[in-house]
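Enquirer: Take a look and give me a structure for this.
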Amino acid sequence: MLTILVDDYDRGIDYFTKKLGFTLLEDTTLSPEKRWVVIAPDVHEGSRILLAKASSLSQSAAIGNQTGGRVGLFLYTKEFDEDYEFMLAKGVDFIETPLHETFGKVVVFRDLYGNKWDFIESNF
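Expert: Take a look at the predicted model:
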């Protein structure tokens, strides 16, 4: 599992489930300020993502820049063209056009918070 800092749980859930098609796996209230929110691109395989609401000024400052502006997250698909069109229609912020590399198709997008992701269909 990996963690993505968010400014608001519901806003993060809405983006990842509606714009990227992820599944909400768990949303448990731990305290009035804290929830355990887990999402996944695929419920059967791959990583889970914990959406963690920033709770300090330093955490808030890191929202969207957890990897210093580099691509730090990787979303794999077996249906690149179909999924790319779905995300385009939902308004996902692609910062380039898809490329055909030796390893497959790839394109970079920014999530709601500015984190950069590689969206990839691998040939391997």
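
Enquirer: Next, the contact list for residue 30, please.
Expert: Contacts for residue 30 (CB atoms under 8 Å, 6 or more residues apart in numbering) come out as residue 36. (C-beta placed from N, C-alpha, C; glycine too.)

Enquirer: which phi and psi does it have?
Expert: In terms of degrees, to the nearest 10, the main-chain angles of residue 30 are phi -100, psi -30.

Enquirer: Outline the domain layout of this structure.
Expert: Following automatic domain parsing, one gets these domains for the chain: 1-55, 71-124.

Enquirer: can you tell which of the ones you listed is closest to residue 62?
Expert: In terms of CB to CB, the element of the domains of the chain nearest to residue 62 is domain 1-55, at 5.7 Å.

Enquirer: mind listing the strands for the chain?
Expert: In the chain, the strands defined using DSSP state E lie at 2-6, 23-29, 35-40, 49-53, 71-76, 93-94, 99-101, 104-110, 116-122.

Enquirer: Residue 61: which of the domains of the chain is closest?
Expert: Nearest of the domains of the chain (CB to CB): domain 1-55, 8.4 Å.

Enquirer: Redo the strands of the chain as CSV? Include mean neighbour count.
Expert: As requested, the strands of the chain are exported to CSV (neighbours: other CB atoms under 10 Å):
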stretch, mean neighbour count
strand 2-6, 17
strand 23-29, 12
strand 35-40, 18
strand 49-53, 19
strand 71-76, 15
strand 93-94, 14
strand 99-101, 10
strand 104-110, 18
strand 116-122, 17
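
Enquirer: among these, which is nearest residue 60?
Expert: strand 2-6 (8.0 Å).

Enquirer: Which secondary structure elements does the closest one sit against?
Expert: Secondary-structure packing of strand 2-6 (3 or more CB pairs under 8 Å, 6 or more residues apart in numbering; DSSP states H and E): strand 49-53, helix 57-62.

Enquirer: Strand partners (parallel or antiparallel) of the shortest one?
Expert: Under the criterion DSSP bridges, strand 49-53 sits next to strand 2-6 (parallel), strand 35-40 (antiparallel) in its sheet.

Enquirer: Which neighbouring elements make contact with the longest helix seen in the chain?
Expert: When the chain is parsed with DSSP state H, its longest helix is helix 80-89. Contacts defined by 3+ CB pairs under 8 Å, 6+ apart place helix 80-89 against strand 104-110, strand 116-122.
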